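Chemist: Sequence first, predicted model second:
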Amino acid sequence: AIAAAAAAPAPEPVPQVKAAYSYKPQRDSELSMKKGEVLTVVNKDNPDWWRVRNSSGATGFVPANYVKLLPPPSPPADPALPPAADAGATTTAANDSTASSPSKAASLAGGEPVNVAGRQDAIEAQYQQLQQRAAQRHTRLDESRKLFQLNREVDEVESWMNDREAMVAVQDLGTDLEHNEVIQKKFDDFLKDLAANETRVKVANQLANRFVEQGHSDTPAIQARQQALNDRWSRLQELARQREENLARAHAVHKFSRDADETKARFNEKDVILSSDDYGKDVSSVEALQRKHEGAMRELVALQTKLADLRRQAAALTETHPQEAAKIASKLGEIEESWASLQAKAAQREHKLEASLQLQKFLSDHRDLSAWMGTMQSMAGTDELARDASGADALVKRHQELRTEIDARLDGLKAFRARARKLAEAGHYAAAEVQEKVEALDSQFAELERTMAARKKKIDQCVELQAFNRLAEQTEAWISTREVPLTSDDVGNSLDSVEALQKKHADFEKSLAAQKDKIHEVEREADRLIAQQHYDAPNIDKRKGAVKAKWEKINDLSDKRKEKLAKALQVQQFHRDADEAHAWMAEKQQAASDASYRDPANLQGKVQKHQAFEAEVSANEERIRGILRNGEQLIADNPQDADSITRRLEQLQAEWGELNTQSADKTQKLKEASEQQMYNHNVEDVDFWLSEVEVLLAATDLGKDLPSVQNLIKKHQ
């Protein structure tokens, strides 16, 4: 019995999986899981989606490729022990056995003798019975589990179908195309969901078929449930097909309505353009409006093609959707009415734009001519006057250019007047305004001519004024350039420079006399312009007076310069004489201070030479005195040179006194040298005689004969 119990088959281990990735459910039938979570596999009928249970007891589908199977658990240590799930059955069987054998129980309780062999057989029989009951219960439980599994699967599918049937049973097809497309998009998602969940229906059918094939005890119930599920699935698919067709038909109607509304909106846009009261404010804006109108007309041609398409669509939809025929006809009628209105407004606006273009061209010409005249008036009426001759010539040239330009515009003015007459004759709506513009332009042109005449006169006077100013400026410039030398303090620093300045001044006096005619010409021209009532007569008279004043001033400066140069000549002549006297006295002082008297050689000649020197000094005394007297007179006549002349006089007087002193001293020295020389000569003569006497007295020669003795006696005597 124990061996038989050990040989009883153990229950199959329940497979488990481990989540390789985290997963968030996309549908109600799916189960969320986290990476690493351990789950129990409920079934793997669908190879792509496994049904699992988590630790909380919740079940649902997860992707098969998101989990990994775990290895089966190790077998229990004591295989003889019955499964925990059958403990109740074993207890029940034991109770039944005890209840059916009261005698055995009584024997055990009363302590009566027990038949061991019989007892063993009874236990074996009871164990066999227990095993049979356990196997039966296992089978019933497994069938119950499978039935529960099928029912749960079918319940979930039917629950999903309930939600989808509610969605597909909605009759809302959209109020417009956009709403219809939103509903269509949701319905497309529904179809995708329907296709995705078809697998679940197949899985439920596969389970039911397998259970039936396995001879499940509740086969009729399973088949009934399977048939009900398939019927609902077919009904759901039929509802989906019907809704798809309804949405497609509604989409076509809404699209026609949307196209019609868009076409009408475009008609309205063009109607706004064609109904505009803006016909342009100038040529460019009118031409721009005409181009815009031409573009609108081209767009109307395109819209006409669109209208033809709408007509064809309306005819087709009326046949396929007769219930919408009134609405379609109403939409089409609105568009036809708008189209007719657009055609009429387009023709009317084209005519008005053409009339506006003619008017704006006229007004543009008027503005151009008026602006041109305004510019000419501004240029002709300017108060600008030239400040020099070149500026005056430029004004004359500019005025001539203005005159030429005005003459060149005369043909344009004639054409402008002719265009105005043509508009008036054509009965243009702005004929009064055109005539008013012509009269205003004629008045403006007449004013321009008056301004040009006045400007011409003023420019001529300006030219004459600049000619006078140029003459006066030349005269003043000549005087101004001569004033600087005349006011110069340079009167020369030598006799030659003073004489050169005097010669230069004499030449200036000649040119001054020649310039007198130009002074008279300036006066005559000024008097003529003043007599003609020149616009600048006060300044002309003032200019004439200024030139005359400068002329008188330069003549006065010339006379003063001449006098100053004459005095400077006297001073330089004095300095020249003083320089000559100084040089002469310096030379004579050198001769007077010569110490040649110390040399007795040719002393008589030196005395004679000094006598001649004294005679020369005496002869120049009157010249020196004259220079001194002249210097004293110059001090009185030229106080500005008094210091230099006084110093020169003092120098001359000192040098003259020194010369006389040195001359007298040298005379005395030469006299003393002469006396000394005479004394020296006498001493030398005595000394020479004594020498000869000594030689004679010391001689040993007493003569050799009488004549020689007589001769010696004679020499001795």
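Modeler: Cool, got the structure.
Chemist: Ramachandran angles for R243?
Modeler: As for R243, its main-chain torsions (degrees, to the nearest 10) stand at phi -70, psi -30.
Chemist: Now for it, how many residues are close by?
Modeler: As a burial measure, R243 scores 21 neighbours (other Cβ atoms under 10 Å). Heads up, the C-betas are built off the backbone N, CA and C, glycines and all.
Chemist: Same check on the one 5 residues further on?
Modeler: By other Cβ under 10 Å, 12 other residues sit near A248.
Chemist: Now do the helices in the stretch 301-450 of the chain.
Modeler: Per DSSP state H, counting those that start in this stretch, the stretch 301-450 of the chain carries helices over the ranges 325-380, 389-408, 410-425, 431-487.
Chemist: Repeat that for the stretch 151-300 of the chain.
Modeler: Using DSSP H, counting those that start in this stretch, helices in the stretch 151-300 of the chain cover 177-213, 219-274, 283-320.
Chemist: could I get the helices of the stretch 301-450 of the chain as a markdown table with distance to N630?
Modeler: As requested, the helices of the stretch 301-450 of the chain are arranged in a markdown table below (distance: least, Cβ to Cβ, whole Å):
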| stretch | distance to N630 |
| --- | --- |
| helix 325-380 | 76 |
| helix 389-408 | 56 |
| helix 410-425 | 89 |
| helix 431-487 | 28 |
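Chemist: Throw these into CSV and include mean pLDDT and mean neighbour count, thanks.
Modeler: Listed next are the helices of the stretch 301-450 of the chain as CSV, based on pLDDT from 0 to 100; neighbours: other Cβ atoms under 10 Å:
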stretch, mean pLDDT, mean neighbour count
helix 325-380, 84, 16
helix 389-408, 87, 14
helix 410-425, 87, 14
helix 431-487, 85, 16
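Chemist: Which of the ones you listed sits closest to V38?
Modeler: Minimum separation from V38 across the helices of the stretch 301-450 of the chain (Cβ to Cβ) falls at helix 325-380, 63.0 Å.
Chemist: which helices and strands does the closest one pack with?
Modeler: Judged by 3 or more Cβ pairs under 8 Å, 6 or more residues apart in numbering; DSSP states H and E, helix 325-380 is in contact with helix 219-274, helix 283-320, helix 389-408, helix 410-425, helix 431-487.
Chemist: a markdown table please, covering the ones you listed and showing distance to A578.
Modeler: Shown next, in a markdown table, are the helices and strands packed on helix 325-380 (distance: least, Cβ to Cβ, whole Å):
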| stretch | distance to A578 |
| --- | --- |
| helix 219-274 | 114 |
| helix 283-320 | 98 |
| helix 389-408 | 56 |
| helix 410-425 | 89 |
| helix 431-487 | 28 |
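Chemist: so which of these comes closest to S370?
Modeler: helix 431-487 (6.2 Å).
Chemist: who wins for proximity to E616 among the helices and strands packed on helix 325-380?
Modeler: helix 431-487 (44.7 Å).
Chemist: coming back round to it: and the helices of the stretch 301-450 of the chain: which comes nearest R210?
Modeler: The nearest among the helices of the stretch 301-450 of the chain, by Cβ to Cβ, is helix 325-380 at 55.5 Å.
Chemist: how many degrees apart are the closest one and helix 389-408 in direction?
Modeler: Helix 325-380 and helix 389-408 meet at an angle of 140 degrees, taking axes from the mean of the first three to the mean of the last three Cα atoms, to 10 degrees as the criterion.
Chemist: Any idea how far helix 325-380 is from the middle of the chain?
Modeler: 42 Å (Cα atoms, centre = their mean, to the nearest Å).
Chemist: now it and helix 283-320, what's the angle there?
Modeler: Using the same axes, to 10 degrees: helix 325-380 against helix 283-320 is 180 degrees.
Chemist: got the angle for helix 325-380 vs helix 410-425?
Modeler: 140 degrees.
Chemist: so who does the closest residue to H399 other than its chain neighbours touch?
Modeler: Leaving aside its chain neighbours, H399 sits nearest to I459 (5.4 Å; criterion: Cβ to Cβ, 6 or more residues apart in numbering). Residues in contact with I459, defined by Cβ atoms under 8 Å, 6 or more residues apart in numbering, are A392, L395, V396, H399.
Chemist: Report the separation between I459 and A386.
Modeler: Going from I459 to A386 by Cβ to Cβ, to the nearest Å gives 9 Å.
Chemist: any weak-confidence spans in the protein?
Modeler: Within the chain, the set of residues satisfying pLDDT under 70 comprises 1-13, 73-114, 169-171, 173-175, 592-601, 603, 717.
Chemist: that older thread, can you say which of the helices and strands packed on helix 325-380 is nearest to Y535?
Modeler: With Cβ to Cβ as the measure, helix 431-487 is the member of those nearest Y535 (5.8 Å).
Chemist: So what's the gap between the closest one and the chain middle?
Modeler: Distance, centroid of helix 431-487 to centroid of chain: 46 Å (Cα atoms, centre = their mean).
Chemist: Beyond it, next helix or strand please.
Modeler: Downstream of helix 431-487, the next assigned helix or strand under DSSP states H and E is helix 495-531.
Chemist: next helix or strand past that next one?
Modeler: Downstream of helix 495-531 (by DSSP H and E), the next one is helix 537-592.
Chemist: and that next one with helix 431-487, angle?
Modeler: 20 degrees.
Chemist: Give the next helix or strand downstream of helix 537-592.
Modeler: helix 603-637.
Chemist: same for that following helix, what does it pack against?
Modeler: For helix 603-637, the elements it packs on are helix 537-592, helix 642-697, judged by 3+ Cβ pairs under 8 Å, 6+ apart.
Chemist: tell me the most buried of those helices?
Modeler: Most buried of those, by mean neighbour count (mean count of other Cβ atoms under 10 Å): helix 537-592, with a mean of 16.
Chemist: Next, the angle from that helix to helix 603-637.
Modeler: Using the same axes, to 10 degrees: helix 537-592 against helix 603-637 is 160 degrees.
Chemist: and helix 537-592, what does it pack onto?
Modeler: Right, helix 537-592 is packed against helix 431-487, helix 495-531, helix 603-637, helix 642-697 by 3+ Cβ pairs under 8 Å, 6+ apart.
Chemist: Let me know which of the ones you listed is the nearest to D189.
Modeler: Using Cβ to Cβ, the helices and strands packed on helix 537-592 put helix 431-487 closest to D189, at 68.7 Å.
Chemist: The residue nearest to E244 when sequence neighbours are not counted: neighbouring residues, count only.
Modeler: Leaving out its chain neighbours, the residue that sits closest to E244 by Cβ to Cβ, 6+ apart is F187, at 6.9 Å. Neighbour count of F187, defined by other Cβ under 10 Å: 19.
Chemist: now F187: how far from S257?
Modeler: 20 Å.
Chemist: Likewise for E580?
Modeler: 137 Å.
Chemist: try A208
Modeler: 49 Å.
Chemist: Looking at the two, which has the bigger crowd around it?
Modeler: Using other Cβ under 10 Å as the criterion, A208 and S257 rank with A208 on top: 24 against 17.
Chemist: Once you drop chain neighbours, what's closest to that one?
Modeler: Per Cβ to Cβ, 6+ apart, closest to A208 is Q226, 4.0 Å.
Chemist: got the contact list for the one you found?
Modeler: Counting by Cβ under 8 Å, 6+ apart, Q226 has contacts V154, A204, N205, A208, N209.
Chemist: ok, of those residues, which one's closest to L465?
Modeler: Of all those, L465 sits closest to A204, with 121.8 Å by Cβ to Cβ.
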